[in-house]
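Asker: Give me a model of this one.
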Amino acid sequence: MLPVISLNSPIEHLKKVGPSYLKILHKVGIKTVKDLLFYFPHRYDDFSQIVPISQLRVGQTATISGKISDIKNIRTWKKRMYVTEALIEDKSGSIKAVWFNQPYLIQTLQKGRLINLSGKATFAGQSLCLSNPAYETLKTMRGSPSWRGAAPHTHTGRLVPIYHETYGLSSRYLRYLIKPLLPLTAQILDFLPVQIKQKFGLIDLNQAIRQIHFPDNLESARKARSRLSFDELFLTQLTILKQRQDLSKEKAPAIAFHQKLIQLFVKRLPFKLTDDQRLAAWQIFQDLAKPKPMNRLLNGDVGSGKTIVATMAALETAKAGYQAAFMAPTEVLAKQHFETLKNLLKNYNLKIALLTSSESRRNGGSPREMGAAPVSTLKKQIADGEIDIIIGTHALIQEGLTFNKLGLAIVDEQHRFGVVQRAALQKKIYQMEDGLTTIPHLLSMTATPIPRTLALTIYGDLDISLLKEMPKGRQKIITKVAAPALRKKTYDFIRTQVKKGRQGFVICPLIEESEKLEVKSVTEEYKKLSSKIFPDLKIAMLHGQMKSKEKEEIMKKFKEKKSNILVSTSVVEVGVDVPNATIMIIEGAERFGLAQLHQFRGRVGRSEQQSYCFLFTDSTAKKTHQRLKALLKSENGFELAEKDLKIRGPGDLIGSRQWGLPDLAMASLNDLELIQKARQAAKEILGKNLLFPALQEKLKAFQTKVHFE
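Answerer: Sure thing, here's the model as predicted:
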């Protein structure tokens, strides 16, 4: 006896789910019937137009109904493949249909069978033909007396759902599994309160699930997608706003603004702060003065001076008697920050330390205490409160490292850390004299410009400060798309620049050569440039698979002008500051997003010297050149991020795996109106305390699924 199927039934209880299909379904996260119902299509084939064969026109996508009057398999000698040819007739005429390399179809589509075919009509020789059409056998002919009681179509004659497919898992198979299960949607509990559905014009959840899979029409599909996208965005907003609400209940040290200290620091700088830097610093100082934790994101365009703003916050914190921790994603960047802060704060009698997995050292104190320090000694000094500012990598959140009075945690390039890792710094609590525990203020930084919709969705729990202005005296970087024919001319130009004492970067998408991807690799380009193009110049190579010490040594030599050209992967995308580098060549530019290309370009133009960026591409695609032209016209990273979001889509722009956002929420990041509605609804739920049990349960499941902290 077959088991009764429910939402929680394992997927293997369904017919046609054998061991091989079970393995594939599990691989894409489908383990229960409910998982299957929540595996939504990403688009539809519109086969809803049903026409007589005689009315079919070239280029028209439609469905025909008829009888198979002939069918045969033909094997072509040249390509050695099977072609299945069928002739289909209705009362108005006949048409040929062909399928390639599907000889098994002759067993299903037998002569005399009634059939629906859906696809685009094309010319084959002198006659009209359907090439590789979708098919569906019928029990009764359209328009016959028994037609009215026939079951609705699944694969033809309607809006047909197309799912994300993988090897061995087709949309046809998924439709076959899902359609009989749709009545079970009645068992799905709608977690949204009625007043929210009414206010925002949303259909019921079970109706949305039925219509997303097999919509009655385009409007029904739109309403279903809108409801389900809203759900994912709403749960995202509810999660981050609840985090913000919970954080506001925590205590943090109130660090009063020390006006004279900051004025003196600014006065000693060899340059003038931009208005954006002044505003961001003031916003941070106001946050630090409150007895609740700051949770601010400093989003600065390439070269806009985020480190100076963060240094001011660290200085104020340290001089108020608290410690500041500065976490960077790489050892190269951590070391760079250590050197920068050491120089900027040399007149303030502060003890600053560097702690990474391979290095530990400090400044300050007696000459004996300067330089390298044993890890155990440094950890003890941090725990005893002898170190004011600690700069490091993941080493800062390892077990065994305790802070004495951590008042401020700064996370650079925060998107490179997981949510759990970022939160770990704020869990470094300490007890105040009155017995209350406090957590540190948190300042996150990123040089990746964030589009407005992304800021609302992913960073909804953060206050955001923007740095768009460039420091005075910087020249606009001359950017050009270099066609393959211009390569020699570009190399000649680079040689003249190097002779003038300048340096350059060459960025490649891969480390090793790949015949499959046909793009330049670092190793291949390094060999070519050093042996054939610039044998007289000093060429260096850098990539992520090198050991930390080796990478550090290569960067050190490049900064010291001991090499002329650095061939690298994207490891130099952020944080690398070499003012003498004025040339940037990007190979396979079409393989990078606009925001990433803008980051690479930002590695040059960091002095008053004129800088250049050359984008090499072999692609002739219109979309590629549309994107690259956007980079030529704009120096504004925020503007480029918005364009990239529209052109490439959010999944490519930010990486769906990186954020863990569900597909529909990711796909909706262009829909500002829907995001704002979801945010408003989440605020109402929290404000009116409408977190009913069904919603609490759904929220908990959602947070587990998307790994929110």
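
Asker: need the longest strand for this structure.
Answerer: If you go by DSSP state E, the chain has its longest strand at strand 61-75.

Asker: so how far is that strand from its chain's centroid?
Answerer: In terms of Cα atoms, centre = their mean, to the nearest Å, the gap separating the centre of strand 61-75 from the centre of its chain is 44 Å.

Asker: Break down the stretch 101-250 of the chain into its strands, ranges please.
Answerer: Counting by DSSP state E, counting those that start in this stretch, the stretch 101-250 of the chain has strands at residues 114-124, 127-131, 134-138, 159-162.

Asker: Can you tell me the strand partners of the longest one and which way each runs?
Answerer: According to DSSP bridges, the neighbouring strands of strand 114-124, each with its direction, are strand 61-75 (antiparallel), strand 127-131 (antiparallel), strand 134-138 (antiparallel).

Asker: got these as CSV, with distance to Arg227 columns?
Answerer: From N, CA and C alone the C-beta is placed, and that goes for glycine too. Shown next, in CSV, are the strands paired with strand 114-124 (distance: least, Cβ to Cβ, whole Å):
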stretch, distance to Arg227
strand 61-75, 27
strand 127-131, 35
strand 134-138, 27
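
Asker: May I see the buried residues of the longest strand of the chain?
Answerer: Within strand 61-75, the residues that qualify as buried are 62-68, 71, counting by 16 or more other Cβ atoms under 10 Å.

Asker: And stretch 181-191, by the same measure?
Answerer: Buried residues in stretch 181-191, defined by neighbour count with 16+ other Cβ under 10 Å: 181, 184-185, 188, 190-191.

Asker: Between the residues you listed, which sits nearest Thr122?
Answerer: Comparing the buried residues of stretch 181-191 against Thr122 with Cβ to Cβ places Leu181 closest, at 35.6 Å.

Asker: My read is that the closest one contacts Thr32, right?
Answerer: No. In this structure, Leu181 is not within contact of Thr32 by Cβ atoms under 8 Å, at 10.9 Å.

Asker: coming back round to it: and the strands paired with strand 114-124 as JSON lines, adding mean pLDDT and distance to Glu552?
Answerer: Shown next, in JSON lines, are the strands paired with strand 114-124 (pLDDT from 0 to 100; distance: least, Cβ to Cβ, whole Å):
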{"stretch": "strand 61-75", "mean pLDDT": "91", "distance to Glu552": "58"}
{"stretch": "strand 127-131", "mean pLDDT": "89", "distance to Glu552": "58"}
{"stretch": "strand 134-138", "mean pLDDT": "90", "distance to Glu552": "58"}
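
Asker: quick one, which of these is nearest to Asn101?
Answerer: Taking Cβ to Cβ, strand 61-75 is the member of those nearest to Asn101, at 10.4 Å.

Asker: Could you give the number of residues near Leu350?
Answerer: Residue neighbour count, defined by other Cβ atoms under 10 Å, stands at 19 for Leu350.

Asker: related to what we said a few turns ago, columns distance to Ile11 and mean neighbour count on top of the strands of the stretch 101-250 of the chain, output as a markdown table?
Answerer: Converted to a markdown table, the strands of the stretch 101-250 of the chain look like this (distance: least, Cβ to Cβ, whole Å; neighbours: other Cβ atoms under 10 Å):
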| stretch | distance to Ile11 | mean neighbour count |
| --- | --- | --- |
| strand 114-124 | 28 | 18 |
| strand 127-131 | 34 | 17 |
| strand 134-138 | 24 | 19 |
| strand 159-162 | 18 | 20 |
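
Asker: Now that we have those strands, can you turn them into TSV and tack on distance to Lys260?
Answerer: Converted to TSV, those look like this (distance: least, Cβ to Cβ, whole Å):
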stretch	distance to Lys260
strand 114-124	75
strand 127-131	79
strand 134-138	76
strand 159-162	65
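
Asker: Figure out which of those is closest to Ser6.
Answerer: Taking Cβ to Cβ, strand 159-162 is the member of the strands of the stretch 101-250 of the chain nearest to Ser6, at 23.0 Å.

Asker: Against which helices or strands is that closest one packed?
Answerer: Applying 3 or more Cβ pairs under 8 Å, 6 or more residues apart in numbering; DSSP states H and E, one finds that strand 159-162 contacts strand 43-46, helix 171-178.

Asker: partners of it in the sheet?
Answerer: Next to strand 159-162 in the sheet, as set by DSSP bridges, lie strand 43-46 (antiparallel).

Asker: Can you report how many residues lie near the residue lying closest to Tyr612 once chain neighbours are set aside?
Answerer: Leaving aside its sequence neighbours, Tyr612 sits nearest to Ile478 (Cβ to Cβ, 6 or more residues apart in numbering; 4.9 Å). Ile478 has 13 neighbouring residues, counting by other Cβ under 10 Å.

Asker: Could you check how far Ile478 is from Ala641?
Answerer: Look at Ile478 and Ala641: by Cβ to Cβ, to the nearest Å, they are 22 Å apart.

Asker: Now the closest residue to Gly392 other than its chain neighbours: phi and psi?
Answerer: Using Cβ to Cβ, 6+ apart and skipping residues adjacent in sequence, the residue nearest Gly392 is Leu355, 3.9 Å away. For Leu355, the backbone dihedrals (degrees, to the nearest 10) come out as phi -140, psi 110.

Asker: closest one to Lys120 among the helices and strands packed on strand 159-162?
Answerer: Closest among the helices and strands packed on strand 159-162, using Cβ to Cβ: strand 43-46, at 10.1 Å.

Asker: Not counting that closest one itself, show me its contacts.
Answerer: For strand 43-46, contacts defined as Cβ atoms under 8 Å, 6 or more residues apart in numbering pick out 61, 118, 134, 159-162, 215, 218, 221.

Asker: switch the cut-off to 6 Å
Answerer: Strand 43-46 has contacts (Cβ atoms under 6 Å, 6 or more residues apart in numbering) with 159-162.

Asker: likewise stretch 94-108?
Answerer: Stretch 94-108 is contacted from outside by 53, 71, 73, 81-88, 117, 128-133, using Cβ under 6 Å, 6+ apart.

Asker: Between the two ends of that stretch, how far is it?
Answerer: Stretch 94-108 has an end-to-end distance of 20 Å (criterion: Cα to Cα, to the nearest Å).

Asker: which of the residues in it are buried?
Answerer: 94-99, 102, 105-106.

Asker: Closest one of those to Tyr21?
Answerer: Distance to Tyr21, by Cβ to Cβ, is smallest for Gln102 among the buried residues of stretch 94-108, at 19.1 Å.

Asker: Could you report the distance from that closest one to Ile11?
Answerer: Gln102 is 27 Å from Ile11, where distance means Cβ to Cβ.
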